[in-house]
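Peer 1: sequence unknown, structure follows:
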């Protein structure tokens with residue numbers, strides 16, 4: 001996956017996770033809150049992977065003189 005794809009999927013998972021947590025809190029559904037938190041954390045990890053890929057690419061480009 002490209003870094004952009006990782007970041008976009010991560011942001012989407014974070015958003016869906018936050019919605020699940022909110023709905024779970026409003027309805028008193030602890031399971032939905034937990035699922036939402038897990039999905040949010042998954043999204044944060046995906047987004048971080050994308051950012052790391054960008055960083056590695058930037059370092060490699062600077063070492064080889066590409067931009």
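Peer 2: Great, that's in hand. Keep in mind the model is a prediction, meaning the values are calculated, not measured.

Peer 1: alpha carbons only for contacts and neighbour counts from here, please
Peer 2: Fine.

Peer 1: now for the helix or strand containing residue 49, which elements pack on it?
Peer 2: When elements are assigned from DSSP states H and E, residue 49 belongs to helix 30-64. Under the contact definition 3 or more Cα pairs under 8 Å, 6 or more residues apart in numbering; DSSP states H and E, helix 30-64 sits against helix 3-27.

Peer 1: Could you tell me how far the helix it packs on lies from the centre of the chain?
Peer 2: Distance of helix 3-27 from the chain centroid (Cα atoms, centre = their mean, to the nearest Å) equals 8 Å.

Peer 1: Could I get the buried residue list for the helix holding residue 49?
Peer 2: 32-33, 35-51, 53 (16 or more other Cα atoms under 10 Å).

Peer 1: what's the offset of it from the middle of its chain?
Peer 2: 5 Å.

Peer 1: angle of it against helix 3-27?
Peer 2: 160 degrees (axes from the mean of the first three to the mean of the last three Cα atoms, to 10 degrees).

Peer 1: and helix 30-64, average pLDDT?
Peer 2: Throughout helix 30-64, pLDDT has a mean value of 93.
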